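Asks: Dropping the sequence and predicted coords here.
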Amino acid sequence: RQFVQPLMIRYYSYNQCMRASVPACHSEYRCEIVCSTSCLPSCLLACHVPQIVQLSRSKEASDSGLRVATKMAGTCGTLMHILGLRLSGEWDPRLWLENVTDPDCLGWAKAQNALSTAAIGEPTKDPIHDKVLAVLDSKDKIPYVKEIGDMYYNLWQDEKNKRGLWRRTTLDQYRSGKPTWETVLDIDELNKIEGENWVYKGSVVLDLGPDTKHDLVLLKLSRGGADATVVREFNVDTKSFVTKNGFYIPEAKSSVAWKSHDVLYVGTDTGPGTMTDSGYARTVCEWQRGTPLESAKLIYEGEAADVAVHGVAYYDRGLVYRMMVRAVTFYTAEHSVWSEAKSTFVKLAVPEDAEVSTFYDQFLIQLRSDWTIGTTVYPQGSLVAIPAAELMEGNQQNALSLFAPGKRVSLSHFSQTKSYLVLHVLDNVQTKVVFRAYDFTSNSWATATREWQLDNMARASVTGISADRNDDVFITATGFLEPTSLYFSSAATGTPSNMELVQRLPPQFNSDGLVVEQYQATSLDGTMIPYFIVRRQDMPMDGSTPTLLYGYGGFEISLLPQYMATIGVGWLERGGVFVFSNIRGGGEFGPEWHQAALKEKRHKAYEDFIACGKDLIALGVTSTPRLGIMGGSNGGLLVGNMLTMEPTLWGAVVCQVPLLDMQRFNKLLAGASWMGEYGNPDNADEWEFLQKYSPYHNVQESVTYPPALFTTSTRDDRVHPGHARKMVKKLLDFGSKTTLYYENIEGGHGGAADNGQRAFMKTLEYNFLWNTLTKGA
């Protein structure tokens with residue numbers, strides 16, 4: 001434990017690789033580790049071979065890079081994998097930075113933090129910080145609610161309640177726009193009492209139907225904002241945790257659902273073999289109240305290579321569904337539904353890449369690929385309904401298309417009320433809402449639909465309030481320049497002209513003189529790529545305006561118009577231009593748009609983003625010295641590639657909670673679950689294309705890169721902070737004087753745990769961009 005590069009003890013206990021990899025070694029090699037201190041793990045004795053591999057690590061090498069001496073009579077792939085070596089004999093001298101909480105790693109990160117705040121300026125001393133924090137802490141926020149029984153619950157955060165008040169009110173009070181709130185749980189007070197650092201991550205309600213009590217929930221509490229949570233049973237009537245025979249699940253990336261008042265479906269970490277390689281549950285057990293979690297009965301399991309397995313049970317308009325979902329990859333899954341007649345779970349005969357849900361006695365199948373039933377072909381992007389009883393018997397013949405995509409028209413998502421399916425349709429990335437009724441008398445879908453759309457490219461989102469009871473809906477309307485508004489209406493009769501206003505945000509930034517425009521750039525292969533621009537109407541088109549181009553381009557996620565007040569006060573009020581790009585890899589035009597940039601086609605997303613940047617310059621909106629880019633998570637991979645692929649096109653880069661090492665991403669935290677998106681670097685054929693968009697491997701010592709700020713979080717247990725740490729260290733090792741790094745010690749994958757941290761990080765990023773892009777102006 002004195003060893004500075006704790007090659008086995010700390011790092012691999014954190015990632016749970018050591019126990020998994022070494023006993024699985026079936027090669028005929030005998031491995032021996034020689035370190036500067038004695039740290040030979042006993043589990044290496046699992047390798048039984050006649051040849052010897054000797055490796056040594058030097059404690060003194062920690063800052064300048066890891067020195068690994070190898071003397072090989074043969075090559076042990078498992079051992080080299082553990083050490084971060086490649087079979088070619090290469091080694092990663094920055095692997096030690098993956099050891100998340102090691103004091104040396106944290107010391108390095110904190111030193112970089114200090115350098116970054118010194119270079120950019122202390123955010124809390126900047127007026128922009130106060131404006132951003134005021135927006136985040138504003139009392140004028142719309143308190144979105146979740147129905148539990150007859151009450152409506154909200155988590156409220158402000159300057160006094162940093163982690164939040166979980167509170168409730170009635171629907172009538174809420175509709176008044178000035179509700180009286182009753183506190184159910186004070187998260188900040190709970191932290192004081194328990195000496196913890198809890199962040200509220202949601203609740204799972206015991207819902208056995210509208211005529212039953214809804215007094216019990218499973219609260220998910222995260223330490224510092226991580227994805228892993230502690231699950232604790234809570235009684236909303238007594239406003240207290242259930243301590244006598246109450247359900248409690250220790251910290252893990254768990255899945256949980258109520259089967260009944262006294263039985264849960266649980267997937268969690270109860271020891272070896274219960275979690276997938278991606279770090280999620282591999283099994284589902286039935287856990288009876290009052291018994292140890294370890295004794296829960298196994299009822300379903302997947303494979304270690306799966307992404308996750310989870311069980312769900314819910315009430316749907318008088319019917320009860322129990323379903324086991326085995327997510328084989330990020331985009332494929334098996335759905336097995338409990339059959340009372342057969343007393344077992346029945347696997348549904350639907351495409352493995354389809355999404356499955358229910359509406360009363362119908363299964364809803366959203367397609368990612370074409371589906372042929374008889375002589376009918378349902379194209380990818382369609383929504384198909386099939387009677388549940390028939391599909392359970394393998395009969396697909398009465399399938400009905402509820403939505404079919406067009407060339408630039410796709411289904412974003414849908415919601416439900418008691419009698420209506422509400423489709424959110426994107427027409428060239430502009431939202432249209434379509435209502436389709438269900439007739440409970442004939443058990444059939446109405447053929448006629450009605451639809452409406454908001455003006456000025458604003459976006460509407462319609463959510464059923466109580467799908468088991470009525471057709472009431474909340475409608476959220478938002479746009480780049482339209483402060484978000486919340487309305488109450490009915491799916492049966494509601495239109496933009498007769499909606500009841502519940503609350504409208506006051507303008508949170510000065511939008512006078514700003515306009516929103518939609519343009520299209522031509523990508524390298526001729527595909528037209530839409531993007532939105534928010535700018536001053538009187539802006540000179542001479543390339544002189546600082547411009548922030550934002551992108552994501554992955555996981556079928558669409559970037560749609562929304563009111564972003566922090567962008568308003570942090571960027572637009574200064575005179576900057578903001579651009580939202582709708583590149584391939586997203587979901588703006590359905591599954592085909594997403595799949596056009598999967599795996600070996602990933603370069604299409606990057607070509608699209610480059611095309612948007614060049615188009616902005618050609619239009620005179622901006623110029624290279626004034627063009628900044630930003631992206632987070634998969635968007636961090638995007639802008640990381642922009643840094644290495646087109647370093648002369650950008651004036652500044654902000655790379656947030658990114659993936660960057662595409663050779664090791666599947667070994668780190670949840671990374672294995674994303675191989676369906678990116679590919680498998682352990683497969684030689686797939687590494688062939690993956691290495692082309694692995695920014696960490698494509699940094700060149702001879703290239704001058706634009707100024708860049710990398711940000712991440714120590715508590716991010718989804719995308720490993722080692723990606724950003726190693727990339728920055730490599731740039732610095734190569735002599736970069738314009739690379740900065742900031743690591744928030746809390747915050748999870750969102751990068752911050754409370755509004756104070758969010759304001760700090762946003763101010764740091766906006767100021768870095770503005771200072772860099774206006775230098776010499």
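Replies: Perfect, thanks for sending it. Numbering: from 1, shown residues only.
Asks: The stretch 401-550 of the chain: strands as residue ranges?
Replies: 409-416, 420-427, 430-439, 444-452, 459-464, 472-478, 485-490, 500-504, 514-522, 528-536, 547-550 (DSSP state E, counting those that start in this stretch).
Asks: which stretch among those strands comes nearest Ala618?
Replies: strand 514-522 (8.9 Å; C-beta to C-beta). Quick note: C-beta positions are derived from backbone N, CA and C, even for glycine.
Asks: ok so, going back, so of the strands of the stretch 401-550 of the chain, which one's packed in deepest?
Replies: strand 547-550 (a mean of 25; mean count of other C-beta atoms under 10 Å).
Asks: Going by contacts, tell me the helices and strands next to the helix or strand just after that one.
Replies: Once the chain leaves strand 547-550, the next helix or strand it forms, by DSSP states H and E, is helix 565-570. Using 3 or more C-beta pairs under 8 Å, 6 or more residues apart in numbering; DSSP states H and E, the elements in contact with helix 565-570 are helix 127-137, helix 755-773.
Asks: just those: most buried one?
Replies: Using mean count of other C-beta under 10 Å, helix 755-773 ranks as the most buried of the helices and strands packed on helix 565-570, with a mean of 23.
Asks: hang on, the earlier thing: and the helices and strands packed on helix 565-570: which comes nearest His603?
Replies: helix 755-773 (25.9 Å).
Asks: I'd say Val657 and Phe710 touch.
Replies: No. Assessed by C-beta atoms under 8 Å, Val657 is found out of contact with Phe710, at 9.3 Å.
Asks: so what's in contact with those two at the same time?
Replies: Ala724 (C-beta atoms under 8 Å, 6 or more residues apart in numbering).
Asks: Including mean pLDDT, could the helices and strands packed on helix 565-570 go into CSV?
Replies: Converted to CSV, the helices and strands packed on helix 565-570 look like this (pLDDT from 0 to 100):
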stretch, mean pLDDT
helix 127-137, 94
helix 755-773, 95
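Asks: Redo the ones you listed as JSON lines? Include distance to Ser623.
Replies: Shown next, in JSON lines, are the helices and strands packed on helix 565-570 (distance: least, C-beta to C-beta, whole Å):
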{"stretch": "helix 127-137", "distance to Ser623": "24"}
{"stretch": "helix 755-773", "distance to Ser623": "10"}
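Asks: Among the ones you listed, which comes closest to Pro93?
Replies: Shortest distance between Pro93 and those, using C-beta to C-beta, is found for helix 755-773: 27.5 Å.
Asks: Tell me which other helices or strands the closest one touches.
Replies: Against helix 755-773 (3+ C-beta pairs under 8 Å, 6+ apart) you get helix 103-120, helix 127-137, helix 565-570, strand 627-632, strand 652-656, strand 708-713, strand 739-744.
Asks: repeat that with 6 Å
Replies: helix 103-120, helix 127-137, helix 565-570, strand 652-656 (3 or more C-beta pairs under 6 Å, 6 or more residues apart in numbering; DSSP states H and E).
Asks: Point out the most buried one among the ones you listed.
Replies: Comparing the helices and strands packed on helix 755-773 by mean count of other C-beta under 10 Å gives strand 652-656 as most buried, with a mean of 25.
Asks: need the next SSE after it, C-terminal direction.
Replies: helix 675-678.
Asks: For that next one, what does the pLDDT average out to?
Replies: The average pLDDT for helix 675-678 rounds to 95.
Asks: CA atoms only for that helix, dumped as PDB, please.
Replies: The C-alpha atoms that make up helix 675-678 are tabulated as PDB, following Å, rounded to 0.1, in the frame of the first residue of the first chain:
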ATOM      1  CA  MET A 675     -19.500  -1.200 -27.100                       C
ATOM      2  CA  GLY A 676     -22.800  -1.300 -29.100                       C
ATOM      3  CA  GLU A 677     -22.300   2.400 -29.900                       C
ATOM      4  CA  TYR A 678     -18.500   2.400 -30.400                       C
END
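Asks: Kindly state the distance between the middle of it and the middle of its chain.
Replies: Helix 675-678 sits 14 Å away from the centroid of its parent chain (C-alpha atoms, centre = their mean, to the nearest Å).
Asks: ok, residues contacting that helix?
Replies: Contacting residues not belonging to helix 675-678 are listed as Thr329, Phe330, Tyr331, Asn666 [C-beta atoms under 6 Å, 6 or more residues apart in numbering].
Asks: re earlier: how about the strands of the stretch 401-550 of the chain in a markdown table, adding mean pLDDT?
Replies: A markdown table is the format used below for the strands of the stretch 401-550 of the chain (pLDDT from 0 to 100):
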| stretch | mean pLDDT |
| --- | --- |
| strand 409-416 | 97 |
| strand 420-427 | 97 |
| strand 430-439 | 96 |
| strand 444-452 | 94 |
| strand 459-464 | 96 |
| strand 472-478 | 97 |
| strand 485-490 | 97 |
| strand 500-504 | 95 |
| strand 514-522 | 97 |
| strand 528-536 | 98 |
| strand 547-550 | 98 |
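Asks: Mind putting those into CSV with distance to Ala228?
Replies: Converted to CSV, the strands of the stretch 401-550 of the chain look like this (distance: least, C-beta to C-beta, whole Å):
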stretch, distance to Ala228
strand 409-416, 27
strand 420-427, 31
strand 430-439, 34
strand 444-452, 41
strand 459-464, 28
strand 472-478, 30
strand 485-490, 32
strand 500-504, 34
strand 514-522, 40
strand 528-536, 36
strand 547-550, 29
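Asks: Quick check: which of these is nearest to Asn161?
Replies: strand 500-504 (19.1 Å).
Asks: and the angle from the closest one to strand 472-478?
Replies: 40 degrees (axes from the mean of the first three to the mean of the last three C-alpha atoms, to 10 degrees).
Asks: picking that back up, in CSV: the helices and strands packed on helix 755-773, plus distance to Asp207.
Replies: Formatted as CSV, the helices and strands packed on helix 755-773 follow (distance: least, C-beta to C-beta, whole Å):
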stretch, distance to Asp207
helix 103-120, 43
helix 127-137, 32
helix 565-570, 34
strand 652-656, 36
